[in-house]
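Peer 1: turn this into a model:
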Amino acid sequence: MPVEPTPRRRRLGTEVRRAREALGWTQEEAAERLGYRSLSTVSKIENGTQGVKYQQLPHFFEVLRIDDQAVREHWRELVRKAGEPDWWQRFEGVVNDPLGDYLSEIEQANSLFVWNPVVLHALLQTEAYERAVIEGSRAWKTAEDIDRFVAMRREHRQNMLDRTPRLKIWAVLPEGLLRQQVGSRDTARGQIEHLIRLARTDANITIQVLPFRAGAHAGMDGAFMLMSFATGRDTVVIEAIRALLHLNEPDTVDVYRTTADHLKSDALGQKASLSLLNTIAKELA
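Peer 2: Got it, this is the predicted structure:
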């Protein structure tokens, strides 16, 4: 029976597909080994339009050779919560797919690499900076919509702070982004001071600054996020105004992983980055 393709069902479907492809099986071969009469069943599972029962998982683990305990637990968690309503559904009208998919994925991720030459990632923003970004960059019908979106983002940040284990974030921030005055001068300075506090006190957050003098660099093709999961597989997320592109193919992910490594190498070290952040904060004082 078809089911709603929730973000968790789609995530499990991706994991099933990757496991099948790692074994070199077609969907028809996987269906036969799993005991299904038709390859369409496997296709629906991989698309997230057919669920997997918790009691079926041991069979899936055996057939698809899922031996890693962390991966098994990740699959169990996806199945346990496949049909549960997500907390952001309370914000209907300001949170729709694909944003809902992103919120689901990042809450399951172990680590996140961020490169964005235009705006700071939401998990690094102050609320004043965030409100200035939202008011300036999106078309809203009412002030209430803005307030609800800000409230949703606030709850998301708090959820990530309260999560165990914490999400590890590595952000490379271009100097031009840090010098762009978003909101008032006080808002801009407050945001830089917030980054300084995070860099100094939060062991789960690494901040590097890519200085102007770096010149041409690996990130000039545009913004991206690289998420890592307990399964050992990474996902690249590319964000646009009304769309989020999720890239899972290993060769594609490798290109972005290499790009992230080059950006880390081209950026200032953490100590020098902190010094530059302090300089920018003083200039805004």
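
Peer 1: only C-alpha atoms for contact and neighbour calcs from this point on.
Peer 2: Will do.

Peer 1: most remote residue from the protein's center?
Peer 2: Most distant from the centre of the chain: Arg37, at 36.3 Å, with distances by C-alpha atoms, centre = their mean.

Peer 1: can you tell me which residues contact the residue nearest to that residue when sequence neighbours are not counted?
Peer 2: Distances taken as C-alpha to C-alpha, 6 or more residues apart in numbering put Ala31 closest to Arg37, at 6.8 Å, once the chain neighbours are dropped. Residues near Ala31 by C-alpha atoms under 8 Å, 6 or more residues apart in numbering: 37-39, 41-42.

Peer 1: by neighbours, which of these wins?
Peer 2: Within those, most neighbours by other C-alpha atoms under 10 Å means Val42, with 25 neighbours.

Peer 1: that's a helix at that one, yeah?
Peer 2: Yes - read with DSSP: H, G, I helix; E, B strand; the rest coil, Val42 is one of the residues of a helix.

Peer 1: what's the spacing between it and Glu249?
Peer 2: 19 Å (C-alpha to C-alpha, to the nearest Å).

Peer 1: enumerate the positions of the helix or strand containing Lys282 that are buried.
Peer 2: If you go by DSSP states H and E, Lys282 is part of helix 270-284. By neighbour count on 16 or more other C-alpha atoms under 10 Å, the buried set for helix 270-284 is 273-274, 276-278, 280-281, 284.

Peer 1: what mean pLDDT does it get?
Peer 2: Averaged over helix 270-284, pLDDT sits at 96.

Peer 1: same check on stretch 253-262?
Peer 2: 96.

Peer 1: buried sites along that stretch?
Peer 2: By 16+ other C-alpha under 10 Å, the buried positions in stretch 253-262 come out as 253, 256-257, 259-260.

Peer 1: same deal with stretch 3-22?
Peer 2: Result for stretch 3-22 [16+ other C-alpha under 10 Å]: buried residues 5-20.

Peer 1: ditto for stretch 70-77
Peer 2: Result for stretch 70-77 [16+ other C-alpha under 10 Å]: buried residues 71-72, 74-76.

Peer 1: distance between it and the chain's centre?
Peer 2: Centroid displacement of stretch 70-77 relative to its chain, using C-alpha atoms, centre = their mean, to the nearest Å, is 19 Å.

Peer 1: also stretch 172-185?
Peer 2: That offset, for stretch 172-185, works out to 22 Å (C-alpha atoms, centre = their mean).

Peer 1: residue contacts, His194?
Peer 2: 125-126.

Peer 1: just the angle between the helix or strand it falls within and helix 270-284, please?
Peer 2: For His194, the enclosing helix or strand under DSSP H and E is helix 185-201. Orientation note: helix 185-201 sits at an angle of 160 degrees relative to helix 270-284 (axes from the mean of the first three to the mean of the last three C-alpha atoms, to 10 degrees).

Peer 1: let's number from 26 now, not from 1
Peer 2: Sure, I'll start numbering at 26, so the last one becomes helix 210-226.

Peer 1: mind listing the strands the following helix or strand past helix 210-226 pairs with, and their directions?
Peer 2: Going down the chain from helix 210-226, the next helix or strand is strand 230-235, by DSSP H and E. Strand 230-235 pairs in its sheet with strand 193-199 (parallel), by DSSP bridges.

Peer 1: could you chop this protein up by domain?
Peer 2: 32-105, 113-309 (automatic domain parsing).

Peer 1: which residues of the stretch 26-175 of the chain fall in helices?
Peer 2: Secondary structure of the stretch 26-175 of the chain (DSSP state H, counting those that start in this stretch): helices at 32-47, 52-59, 64-72, 82-88, 94-105, 124-133, 152-162, 168-187.

Peer 1: how close does Trp165 get to Val158?
Peer 2: Here Trp165 is placed at a distance of 12 Å from Val158 (C-alpha to C-alpha).

Peer 1: the more surrounded of these two?
Peer 2: Val158 (16 against 13).

Peer 1: leaving aside the residues next to it on the chain, what's closest to the more buried one?
Peer 2: Val207 (7.0 Å).

Peer 1: wait, what's in contact with the one you found?
Peer 2: Here Val207 is in contact with 154, 157-158, 213 (criterion: C-alpha under 8 Å, 6+ apart).

Peer 1: can you tell me the SS state at it?
Peer 2: Per three-state DSSP, Val207 ends up coil.

Peer 1: so what does it have for phi and psi?
Peer 2: Backbone torsions of Val207, given as degrees, to the nearest 10, read phi -100, psi 120.

Peer 1: what's the separation between it and Ala157?
Peer 2: Shown here: Val207 relative to Ala157, a distance of 6 Å by C-alpha to C-alpha.

Peer 1: alright, that wraps it up for me.
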